[in-house]
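# Take a look and give me a structure for this.
(2 chains)
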Amino acid sequence: MNRRRSLWVVGVALMLAAAGLVAWPPRVAVFALAQGGFDLTIRSALGAERVAQTMHANYPGLAEIEVNVTGFVPPLDQPVTMRVRAAEDGALVREVTGAIGEFHNDWKLIFPFAPIDESAGQRYVVELETPGPAPLQLMTHSRDVYPAGALAQGGDLMFTARYRGYWAPTLAAFVGQLTAGKPGGLAQPWPYLAAAGAFLFLLAGALRRLAVAARAPLGDPS
Amino acid sequence: MRLSWPAAPARPTLAHWRQAALVAGRRLAARLAASTGAWVTALALAHGLVYILLVPPWQGPDETTHYEYLAGLAAAGEPFPATVLRTPEVRRAVVQSAREHNWWFYLRLADPDGLPLWEVDRVYAGRAGSLYYLGAWPVYAVVQGWSLPVQLYALRLYSLLCQGATVALTYLLARELFRSPASTAERMLPAAAALAVAVFPMYTFVSVTFNDDNLVPVWTTASLVALVRGLREQGRLRWWAAGLALALLAALTKRTGLPAVALAGVSVLFYAWPWSQSASERWRLIAGFIWGLSAGGVVLLGGLVLFPPTLPAGLVYWLRLDPAALVRLAGYVQDPGLLGQLDWAGQGRLLVESFWGSFGWLRATLPDGLVRFLGPFSGLLLTGWLIGWIRTWEAANPARPEARPLARLGLLLLATGAGLCGLMLTLQFVVNPAGYGLTGRYLFPYIGAMAVLTVWGWLGWWPRRWHPQAVWVAVGLVLALDAAAVGLTLLPFFYS
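Numbering: from 1, shown residues only, chains lettered A, B, ... in the order given. I've put the predicted structure just below:
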């Protein structure tokens, strides 16, 4: 009787949790596209000279752009602007402006903005601009290290794009990424689900056996 | 329906065979289901399968090179050729496949677009002795005509079997050591140690990709099982012989298996020493042997530095006794101050990262905060070993009736192995021209021994009455590390 009651309690709790996930879907900040290649090539933004990098967003909720700067940081009160534009028509999607000191953190400038919920599958241009007087020196790679985008001048900016999308579309995008380019049946989601399910089942069994070993009397061989 | 063996007919029909197979399968399944070791082994296989699916092709350490070597070996048509040539066709195919799977992007390098991936065209005889490739040969023969990623996934499954065997042997090793558990924690220890190996993320990552590292832990752990059994059943030569033979197989697979041969030597000395009767005397003997071994190593190394030998090219490659390394060692002997100029902190960090979790050719590393925690945590575990040793030393005192020294002596073997590995890592770092030596995965041949020691050493930090809870905490920590490695590192790195 107690066991049945426990099952009911667990079942109702799970249903309530599921309903909560649907009614108030949380955002997940797991994925981040990182172009970490750097070959000592520096590109500068100053006045009309901007640095613009195209990128492809694989996930919904694009919410932050991080770029790497050299040790020669302009005065911290110097203004800087980061824009996210649609690559197709140049339309402005997000703009972040402020003093460099607001974004500067240990060789990086981090620009957070309101998540772009429809970003999955879209191409964007990340644009950096500062009026001066000092140039903003950005770390880049002179060759094509990021296949899905490029700097206007060639090569690639060293950057990280972070996502903070709702959990369900993020999960759907993840499954798409996981199966993309895989051979044969691995291009379908079920092998991954089956493997994960088998792992969880066997993990539960192994932990149960560990619990049995913990409870058994010492003289009893396992 | 209750199944029973069908009566043997004069002429068995297909139905009889089917019934017999069904009964045998059911019985085997029932036996496996009742075995904790089998459960944990199955868990390791399922966990490894998840990693195989998550890690994109060619992202295992040196996976491209290992595949090329196997293909070259197959093209040579003999198992132990003097040299193995890399064929241009295979190289082009690997480069193309690597490009399709973003190999250069993950490495943060520019796509060479036709530039050669690897500078060396030939591999010397050293690897030709590796039994790992010989084991992979039949798999390769079957899948040779298939697409390259499919071939790689099939070869990864072969590697996965090695991991499963290592987990099963780890369970057996701990069972041998704690055959008559004196506490609940000792009873839980075999399953906990095997589970730790089964879900340890970095070991799983390496062992499910195509790499000749992966067969070594099978031999070394099996060797330790045999040696511990030999220690237990004194007078049975067969266990010692089996332990030594398995250690030799480890050394034939890769040179990281060499410490296993030294372990077998320690075991032999303990086993065969005719005058030692008391346990405490044996302890002193073993400790003396270890010191002697270390001193012998120093003398041998000094001799090599002062009188550089002329050795066959294959042996030089295999032992990495290249003249430049010997000259560098001679420099350190003449001016030990040079050692202080090496980047020990950087090497330490690399070692911690690459042992606990640095995936995809060392580019996808665990979050910085976690690495900062894991460094001191490693020290905590090693100190736990020390506490455990002091307790074991006390228990080995024959004046104490509860002493069970023989069962615990095996732990000394494991610790000796860990010490040898540490020496190996340090030496490699010192002689490496690039300044960086071995990464943590080179400790994985001894992962079974380390897991037993680590869970056991972890208990050393806890009061005895809390030991069962401490085992649960250890298991929880490994599972949390695995979840962090997958959720915070592997998936974001490969699938963003």
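
# any chance you could map the strands in chain A?
Ranges of strands in chain A, per DSSP state E, are A:27-28, A:32-35, A:41-45, A:51-56, A:62-68, A:79-86, A:92-99, A:108-116, A:123-129, A:136-141, A:156-157, A:159-163, A:165-166.

# Outside of the last one itself, list whatever touches it.
Counting contacts by Cβ atoms under 8 Å, 6 or more residues apart in numbering or on different chains, the residues outside strand A:165-166 that touch it are A:25-28, A:59-61, A:115, A:117, A:119-120, A:173. C-betas here are computed from N, CA, C, even on glycine.

# what about 10 Å?
Residues outside strand A:165-166 that contact it (Cβ atoms under 10 Å, 6 or more residues apart in numbering or on different chains): A:21, A:25-31, A:57, A:59-63, A:115-120, A:171-173.

# sorry, back to before: turn the strands of chain A into CSV, including distance to B:Glu233, mean neighbour count and mean pLDDT.
Below are those laid out as CSV (distance: least, Cβ to Cβ, whole Å; neighbours: other Cβ atoms under 10 Å in any protein chain shown; pLDDT from 0 to 100):
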stretch, distance to B:Glu233, mean neighbour count, mean pLDDT
strand A:27-28, 55, 16, 87
strand A:32-35, 55, 20, 86
strand A:41-45, 67, 19, 85
strand A:51-56, 64, 21, 93
strand A:62-68, 62, 23, 94
strand A:79-86, 71, 19, 93
strand A:92-99, 72, 14, 92
strand A:108-116, 62, 18, 93
strand A:123-129, 69, 21, 94
strand A:136-141, 62, 23, 91
strand A:156-157, 64, 28, 91
strand A:159-163, 59, 23, 94
strand A:165-166, 61, 22, 92
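
# Only alpha carbons, please: show stretch A:161-181 as CSV.
Only the C-alpha atoms of stretch A:161-181 are listed here, as CSV (Å, rounded to 0.1, in the frame of the first residue of the first chain):
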residue,chain,number,x,y,z
ALA,A,161,28.6,33.8,-28.9
ARG,A,162,26.5,32.6,-26.0
TYR,A,163,22.9,31.5,-26.1
ARG,A,164,20.2,31.6,-23.5
GLY,A,165,17.2,30.1,-25.2
TYR,A,166,14.1,28.4,-23.9
TRP,A,167,14.8,24.8,-23.1
ALA,A,168,12.5,23.1,-25.6
PRO,A,169,13.7,24.9,-28.8
THR,A,170,17.3,24.6,-27.5
LEU,A,171,16.8,20.8,-27.0
ALA,A,172,15.4,20.6,-30.6
ALA,A,173,18.3,22.5,-32.0
PHE,A,174,20.7,20.3,-30.0
VAL,A,175,19.3,17.1,-31.5
GLY,A,176,19.7,18.7,-34.9
GLN,A,177,23.3,19.5,-34.2
LEU,A,178,24.0,16.0,-32.7
THR,A,179,22.7,14.1,-35.8
ALA,A,180,24.0,16.5,-38.5
GLY,A,181,26.5,14.9,-40.8
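
# Just the buried residues of the contacts of strand A:165-166.
Neighbour-count burial (16 or more other Cβ atoms under 10 Å in any protein chain shown) is assigned, among these, to A:28-31, A:57, A:59-63, A:115-116, A:119-120, A:173.

# Let me know the closest of the residues you listed to chain B.
A:Phe31 (4.5 Å; Cβ to the nearest Cβ).

# From B:Phe494, how far out is the closest one?
A:Phe31 sits 10 Å away from B:Phe494, going by Cβ to Cβ, to the nearest Å.

# Reformat the strands of chain A as a markdown table; add distance to B:Tyr67.
What follows is these, written out as a markdown table (distance: least, Cβ to Cβ, whole Å):
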| stretch | distance to B:Tyr67 |
| --- | --- |
| strand A:27-28 | 35 |
| strand A:32-35 | 27 |
| strand A:41-45 | 33 |
| strand A:51-56 | 29 |
| strand A:62-68 | 34 |
| strand A:79-86 | 41 |
| strand A:92-99 | 43 |
| strand A:108-116 | 37 |
| strand A:123-129 | 34 |
| strand A:136-141 | 28 |
| strand A:156-157 | 29 |
| strand A:159-163 | 31 |
| strand A:165-166 | 37 |
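
# can you count the residues close to the residue lying closest to B:Val430 once chain neighbours are set aside?
Spatial nearest neighbour of B:Val430, chain neighbours left out: B:Tyr332 (6.5 Å); criterion: Cβ to Cβ, 6 or more residues apart in numbering or on different chains. Using other Cβ atoms under 10 Å in any protein chain shown, B:Tyr332 has 15 neighbouring residues.

# Smallest gap between the stretch 201-350 of chain B and chain A, at which residue?
Counting by Cβ to the nearest Cβ, the stretch 201-350 of chain B gets nearest chain A through B:Thr204, at 11.0 Å.

# Which helix or which strand is home to that residue?
helix B:201-207 (DSSP states H and E).

# Remind me what whichever helix or strand comes after that helix packs against, helices and strands.
Toward the C-terminus, helix B:201-207 is succeeded by helix B:216-232 as the next helix or strand (DSSP H and E). Contacts defined by 3 or more Cβ pairs under 10 Å, 6 or more residues apart in numbering or on different chains; DSSP states H and E place helix B:216-232 against helix B:131-143, helix B:148-177, helix B:201-207, helix B:237-253, helix B:258-272, helix B:405-431, helix B:447-459.

# Now with 6 Å, please.
helix B:148-177, helix B:237-253, helix B:258-272, helix B:405-431, helix B:447-459 (3 or more Cβ pairs under 6 Å, 6 or more residues apart in numbering or on different chains; DSSP states H and E).

# now check the last one, is it near chain A?
Right, helix B:447-459. No. Figure legend: helix B:447-459 not in contact with chain A (Cβ under 6 Å from any Cβ of the partner chain); closest approach 11.6 Å.

# now do the longest one
Yes. Against chain A, helix B:148-177 shows contacts by Cβ under 6 Å from any Cβ at B:149-150.

# about what we covered before: identify the farthest-apart pair in the buried ones among the contacts of strand A:165-166.
A:Val30 and A:Ile116 (16.6 Å; Cβ to Cβ).

# List the contacts of whichever residue of the stretch 1-150 of chain B sits closest to chain A.
Of all residues in the stretch 1-150 of chain B, the one sitting closest to chain A is B:Ala110 (3.5 Å; Cβ to the nearest Cβ). B:Ala110 makes contacts with A:143, A:145, as judged by Cβ atoms under 6 Å, 6 or more residues apart in numbering or on different chains.

# Could you give the secondary structure assignment for it?
Three-state assignment for B:Ala110 (DSSP: H, G, I helix; E, B strand; the rest coil): coil.

# Per-residue pLDDT of it, please?
pLDDT, B:Ala110: 71.

# same question, B:Met1
In this model, B:Met1 carries a pLDDT of 45.

# next one: B:Phe178
83.

# neighbours around B:His16, how many?
Residues near B:His16, counting by other Cβ under 10 Å, number 14.

# can you check the one 5 residues further on too?
Burial of B:Ala21, expressed as a neighbour count using other Cβ under 10 Å, amounts to 10.

# For the host helix or strand of it, buried residues please.
For B:Ala21, the host element (DSSP H and E) is helix B:14-34. Neighbour counts using 16+ other Cβ under 10 Å place B:Gln19 of helix B:14-34 among the buried residues.

# Alpha carbons of it, in CSV - could you do that?
The C-alpha coordinates for helix B:14-34 follow below in CSV (Å, rounded to 0.1, in the frame of the first residue of the first chain):
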residue,chain,number,x,y,z
LEU,B,14,15.9,-26.9,-35.0
ALA,B,15,13.2,-26.5,-32.3
HIS,B,16,15.4,-28.4,-29.8
TRP,B,17,18.4,-26.2,-30.5
ARG,B,18,16.2,-23.1,-30.2
GLN,B,19,14.9,-24.3,-26.9
ALA,B,20,18.3,-25.1,-25.6
ALA,B,21,19.7,-21.7,-26.7
LEU,B,22,16.7,-20.0,-25.1
VAL,B,23,17.3,-21.8,-21.8
ALA,B,24,21.1,-21.1,-21.9
GLY,B,25,20.4,-17.5,-22.7
ARG,B,26,17.9,-17.1,-19.9
ARG,B,27,20.3,-18.8,-17.4
LEU,B,28,23.2,-16.7,-18.5
ALA,B,29,21.1,-13.5,-18.2
ALA,B,30,19.9,-14.5,-14.8
ARG,B,31,23.5,-15.1,-13.6
LEU,B,32,24.7,-11.9,-15.1
ALA,B,33,21.8,-10.0,-13.6
ALA,B,34,22.7,-11.4,-10.2
